[in-house]
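*Asks:* Requesting a structural model of the entry that follows:
(one chain, ligands or ions: 1)
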Amino acid sequence: MNVLPEQGFRRVMHCDLDCFFAAVEELDNPYLAGKPVIVGGDPDRRGVVSTANYRARRHGVHSAMSAAVARRLCPNAVFLRPHFERYRMLSDQVMAILDDYFVTREQVSVDEAYGELPPGVPGCRHAVDIALDIKARVLRETGLIISVGVGRNKCIAKLASDRAKPDGCLIVMPGREDAFLHTLPVGCLPGVGPHTRAKLERMGITLVSELARTNVEALQMQFGKTGSWLWRLAHGEDDRCVVSDHGPPKSLSRECTYERDIADLERAQDHVRALAEKVARDAEKKRVLGRSITLKVKWHNFEITTRQTMLPAPTRAPDVLGIAARHLLATHFSPLLTADHAIRLLGVGLSNLLSESHPGHAQGIIQLPLFSSDEPSADFTLLPDNPI
Ligand SMILES: [Mg+2]
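*Replies:* Alright, predicted model coming up:
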């Protein structure tokens, strides 16, 4: 800890709130103290676990697991529905704290962000002081626990924060990357999902050290570009930049899995309209306008179909988004919709976004609905081949 990083070394930090949703619920509901807590969907329906606290995780519960399975594993757990508004509020507070430390801060999800410190030079504040300062401030100002990992690139910083949990801070000093990485299982590396892990195992590779010793050409043969990317990660190399996310988001979307599959077009239209309204509200909060609208359908058999259309000008008017999305449904999906081929999930997305302060949108902004009737019609004008 008393060694300063060598001059010129990157110092990337990965800050990740511990069991975020569950931690917020525990903060807001003192009766949860000491209990296993699972935040997510309804176990009696088709709910999925969003976050479980450590007491629930001890029973094998984890994120993305079906809530019904989680209840079988941990019958005493308290199941709660998520309160996203509250999480977003606290997340914004935490990100604002991080902004006091980093010139470039990249939020990668609601509860985690990368930050980059100036290259290590003598006299510069040591990363460990900054990491401990961040942890103390986040706890004092929000009541939440954040784990911090520091390394010379994003991959090492992220792996370090994962290993630091719960409530930890792990700094991988320059020159110690191999010692840190080589004991880890390959499944820890970004981009290694169950499929890749199984394939690597068949090649006799279970540890990062074994991956590092493997011939890079052999990995390229098996995995293409991903093969050389994984090989470089195993050697502690990752040149991805920390990208500031202060600009507008790239896309916004809302989706919903329905309790019962939808076979009726009218019901589906109502849901699409509701989703489009939510997306419009999100766009208003983010102060962006969008040019493309996407409709996603997951069918009863889990097949996914998406269709997209361009709007004539960037907008976030709820009616316009709703009409465009419903038009997509009517045109592309209604012929496929039958009692035997029903909809399990609907999603509406807005992309090709630009900030409302962007000079380019001024003449194109649509503020009012363009149609007297809000029923999609055959001569629907919001199509690229029929611009206004
Ligand atoms: Mg987290």
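*Asks:* Mind checking what secondary structure the residue nearest to Ala164 when sequence neighbours are not counted has?
*Replies:* Counting by C-beta to C-beta, 6 or more residues apart in numbering, Ala164 lies nearest to Leu170, which is 4.0 Å off, once chain neighbours are set aside. Any C-beta I mention is one placed from the backbone N, CA and C, and that applies to glycine too. With DSSP: H, G, I helix; E, B strand; the rest coil as the basis, the three-state label of Leu170 is strand.
*Asks:* Check the one 4 residues further on too.
*Replies:* Going by three-state DSSP, the secondary structure assigned to Pro174 is coil.
*Asks:* Backbone dihedrals for it, please?
*Replies:* phi -60, psi 130 (degrees, to the nearest 10).
*Asks:* do the same with Thr142
*Replies:* According to degrees, to the nearest 10, the main-chain angles of Thr142 amount to phi -130, psi -20.
*Asks:* just Gln107 next, same as before
*Replies:* Per-residue torsions, Gln107: phi -80, psi 130 (degrees, to the nearest 10).
*Asks:* can you tell me which residues contact the residue lying closest to it once chain neighbours are set aside?
*Replies:* Of all residues not flanking Gln107 in the chain, Ala113 sits nearest, at 4.5 Å (C-beta to C-beta, 6+ apart). Applying C-beta atoms under 8 Å, 6 or more residues apart in numbering to Ala113 gives the contacts 14-15, 95, 98, 105-107.
*Asks:* just checking, which of the residues you listed belong to strands?
*Replies:* 14-15, 105-107 (DSSP state E).
*Asks:* where do the helices sit along this protein?
*Replies:* Ranges of helices in the chain, per DSSP state H, are 20-28, 54-57, 67-73, 84-99, 127-142, 154-164, 177-181, 194-202, 208-213, 216-223, 225-234, 265-286, 318-328.
*Asks:* Identify whichever of the ones you listed lies nearest to the ion.
*Replies:* Judged by C-beta to the ion, the one of the helices of the chain that comes nearest to the ion is helix 20-28, at 5.1 Å.
*Asks:* mind checking the backbone torsions on the closest residue to the ion within the stretch 101-250 of the chain?
*Replies:* Residue nearest to the ion within the stretch 101-250 of the chain: Asp111 (4.1 Å; C-beta to the ion). Backbone torsions for Asp111, taken as degrees, to the nearest 10, come to phi -120, psi 10.
*Asks:* State the pLDDT value of it.
*Replies:* Asp111 is assigned a predicted lDDT (pLDDT) of 96.
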